[in-house]
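Enquirer: Below are the sequence and a predicted model; questions follow.
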Amino acid sequence: MKINEIFYSLQGEGLLIGAPNIFLRTTGCNLRCTYCDTTYAYTNGTKMTIQEILDAIRKYPCNQVCVTGGEPLAQKETIKLLDSLIKKGYSVCLETNGSYNIKKLVGKKSLIISLDIKCPSSGSQEHMNMSNISALTNKDQLKFIIKNKEDYVYARNILQKYKPVCSVFFQPVWGTNPKKLASWILHDGLPIRFSVQLHKLIWGTKKGV
């Protein structure tokens, strides 16, 4: 399969924020979101076997792996990679963009699914597979990237309609005013968590962190 980068850092988002993680960033994505911060992963990467990937991450003092992209499920080998990581004793979080069906992955031991649902400002909301929301379990997480009030109302309506059982995160698009999103959440009393990208606060917007 094709891997864009492998690095060791702190998880910057979601349930595992602040925890050391090994990041496996796959190459390729079927979406082109307007605010994408990993456009370099659309095409750039190196072909690696699953064994080569396992060998490459062995040097890191960590058993938590985040498989991200790009969009990992755009590559057929990704499911085999997830199974191989779990078999080796790693706890794994799969970050996926909401367009691919995740039902075959739900309930896998030692796997957290981090599912995005794209809002209108992304330009990709029409590609979402909304049935994925009902498939998530209480150990998974659902994330909305919010740029403006339209995005916020869109995400709020989805929560009211699908009533996810997992943890839900609202995260402002990097560079927008986080106070506005925080105020909307507090005003409506939404049962969600506000999230920021911790890694960007620490290291900025460079790669490999």
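Expert: Received the coordinates, thanks.
Enquirer: Leaving out the residues flanking it, which one is nearest to the residue nearest the centre of the chain?
Expert: In the chain, the residue lying closest to the centroid (CA atoms, centre = their mean) is residue 95, at 3.1 Å. Excluding its sequence neighbours, the residue lying closest to residue 95 (CB to CB, 6 or more residues apart in numbering) is residue 68, at 4.2 Å. Bear in mind the C-beta positions are built from the backbone N, C-alpha and C, glycine included.
Enquirer: And residue 24, by the same measure?
Expert: Among residues not flanking residue 24 along the chain, residue 67 sits closest, at 4.9 Å (CB to CB, 6+ apart).
Enquirer: would you say the one you found is within a strand?
Expert: Yes - applying DSSP: H, G, I helix; E, B strand; the rest coil, one finds residue 67 inside a strand.
Enquirer: List the buried residues for the top helix by length along the chain?
Expert: Determined from DSSP state H, the single longest helix within the chain is helix 149-162. By neighbour count on 16 or more other CB atoms under 10 Å, the buried set for helix 149-162 is 151-152, 154-156, 158-159, 162.
Enquirer: pLDDT (mean, whole number) over stretch 19-30?
Expert: For stretch 19-30, the mean per-residue pLDDT is 98.
Enquirer: rewinding a little: so what touches the longest helix of the chain?
Expert: Contact with helix 149-162 is made by 117, 119-121, 125, 130, 133-134, 144-146, 168, 170, 180-181, 184, 188, 190, 192, as judged by CB atoms under 8 Å, 6 or more residues apart in numbering.
Enquirer: Can I get the buried part of these as one ChimeraX selection?
Expert: Entered in ChimeraX, the line below selects the buried ones among the contacts of helix 149-162, by 16+ other CB under 10 Å:
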select :117,119,120,121,125,133,144,145,146,168,170,181,184,190,192
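Enquirer: All the strands of this structure, residue numbers only.
Expert: Listed in chain order, the strands of the chain (DSSP state E) span 2-10, 20-26, 46-47, 64-68, 91-96, 111-116, 141-146, 167-172, 193-194.
Enquirer: could those strands go into JSON lines alongside distance to residue 39?
Expert: Rendered in JSON lines, the data for the strands of the chain read as follows (distance: least, CB to CB, whole Å):
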{"stretch": "strand 2-10", "distance to residue 39": "11"}
{"stretch": "strand 20-26", "distance to residue 39": "12"}
{"stretch": "strand 46-47", "distance to residue 39": "18"}
{"stretch": "strand 64-68", "distance to residue 39": "14"}
{"stretch": "strand 91-96", "distance to residue 39": "16"}
{"stretch": "strand 111-116", "distance to residue 39": "16"}
{"stretch": "strand 141-146", "distance to residue 39": "15"}
{"stretch": "strand 167-172", "distance to residue 39": "18"}
{"stretch": "strand 193-194", "distance to residue 39": "26"}
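Enquirer: any idea how far the closest residue to residue 8 other than its chain neighbours lies from residue 24?
Expert: With sequence-adjacent residues excluded and distances taken as CB to CB, 6+ apart, residue 8 is closest to residue 60, at 4.6 Å. As for residue 60, its distance to residue 24 is 11 Å (criterion: CB to CB, to the nearest Å).
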